[in-house]
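Q: Test case, fold it:
(chains A and B)
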Amino acid sequence: EPEVTQTPSHQVTQMGQEVILRCVPISNHLYFYWYRQILGQKVEFLVSFYNNEISEKSEIFDDQFSVERPDGSNFTLKIRSTKLEDSAMYFCASSRQGGSSPLHFGNGTRLTVT
Amino acid sequence: KQEVTQIPAALSVPEGENLVLNCSFTDSAIYNLQWFRQDPGKGLTSLLLIQSSQREQTSGRLNASLDKSSGRSTLYIAASQPGDSATYLCAVHTDKLIFGTGTRLQVFP
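A: Sure, this is the predicted structure:
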């Protein structure tokens, strides 16, 4: 069964550095999402992306964050200048259509900012 | 603003018990509701998805019900096993998934 893949599984970076988290969504999916989960907290929506543009973003998704679909397969989340509080598990998800189409999640990237 | 709450926050039971996990949401305008399992430090495994027009879904020992009008869903786990120990998350689908707070389940032998 096709799946969403995320790399790396774990990334350690120093405060102030830029990081790029990578995701390969399921190939015939059109909608892409990033979520994050700070340790011990809820899974929170960050951003949704469709037709090469952001369709919705949360208040967490400030100017430090950006998303891109640089080619036909990858979907990336960039954090420009990481802060300690960016340490979290970041999940990528995709769905075939919007609306009621189920989201399929990757296994996540654990980001640790030191 | 949609809010999703899960009760109880944590549950510890002996093996073999039947369990009910509860999820409530504040806005009934949803497409569907999904239940996930999350093992410590791991990703999200989808267990069941109930469309808004459905009342329940079953998969093996799991049964999920949905009462959209009252903003409630339950996940029933029959004959619990130690391998069921994990955090269970419900999420409602509007134009995005909104997750609940989770129920941390421990099943001991």
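Q: in the helix-or-strand element of chain B with minimal mean pLDDT, what counts as buried?
A: Least confident helix or strand of chain B, by mean pLDDT, DSSP states H and E, is strand B:44-51 with a mean of 92. Buried residues in strand B:44-51, counted by 16 or more other Cβ atoms under 10 Å in any protein chain shown: B:44, B:47, B:48, B:49, B:50, B:51. In this view, the C-beta of every residue, glycine as well, is placed from N, C-alpha and C.
Q: Dump these to a markdown table, plus distance to chain A.
A: A markdown table is the format used below for these (distance: Cβ to the nearest Cβ, whole Å):
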| residue | distance to chain A |
| --- | --- |
| B:44 | 5 |
| B:47 | 12 |
| B:48 | 11 |
| B:49 | 5 |
| B:50 | 11 |
| B:51 | 6 |
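Q: Would you point out the most distant pair within the residues you listed?
A: The largest separation in the buried residues of strand B:44-51, counting by Cβ to Cβ, is between B:44 and B:51 at 19.2 Å.
Q: which residues in chain B form strands?
A: For chain B, the strands defined by DSSP state E occupy B:4-7, B:10-14, B:19-25, B:32-38, B:44-51, B:56-59, B:62-67, B:72-77, B:86-93, B:97-99, B:103-108.
Q: Out of those, which is the most enclosed?
A: strand B:86-93 (a mean of 25; mean count of other Cβ atoms under 10 Å in any protein chain shown).
Q: Just list the residues touching the residue nearest the centre of chain A, thanks.
A: Nearest to the geometric centre of chain A sits residue A:34, at 3.2 Å (Cα atoms, centre = their mean). For residue A:34, the contact set (Cβ atoms under 8 Å, 6 or more residues apart in numbering or on different chains) comprises A:21, A:23, A:46, A:47, A:67, A:77, A:90, A:91, A:92, A:93.
Q: Am I right that it is in a helix?
A: No - under the criterion used here (DSSP: H, G, I helix; E, B strand; the rest coil), residue A:34 is strand, not part of a helix.
Q: now it, which residues is it bridged with?
A: Taking DSSP bridges as the rule, residue A:34 bridges to residue A:47, residue A:92.
Q: and the gap between it and residue A:91?
A: Remark: distance between residue A:34 and residue A:91 (Cβ to Cβ, to the nearest Å) = 7 Å.
Q: Same question for residue A:102.
A: Taking Cβ to Cβ as the measure, residue A:102 falls 14 Å from residue A:91.
Q: out of the two, which sits in the more crowded spot?
A: More crowded of residue A:102 and residue A:91, by other Cβ atoms under 10 Å in any protein chain shown: residue A:91, with 25 against 17.
Q: Surely the more buried one is in contact with residue A:104?
A: No - applying Cβ atoms under 8 Å, one finds residue A:91 not in contact with residue A:104, separated by 10.6 Å.
Q: Kindly report the residues of chain A close to chain B.
A: Where chain A comes near chain B, counting by Cβ under 8 Å from any Cβ of the partner chain, the residues are A:33, A:35, A:42-45, A:48, A:55-56, A:89, A:91, A:93, A:98-100, A:102-108, A:110.
Q: among these, which ones are buried?
A: Here, 16+ other Cβ under 10 Å leaves A:33, A:35, A:42-45, A:48, A:89, A:91, A:93, A:102-108, A:110 buried among the residues of chain A next to chain B.
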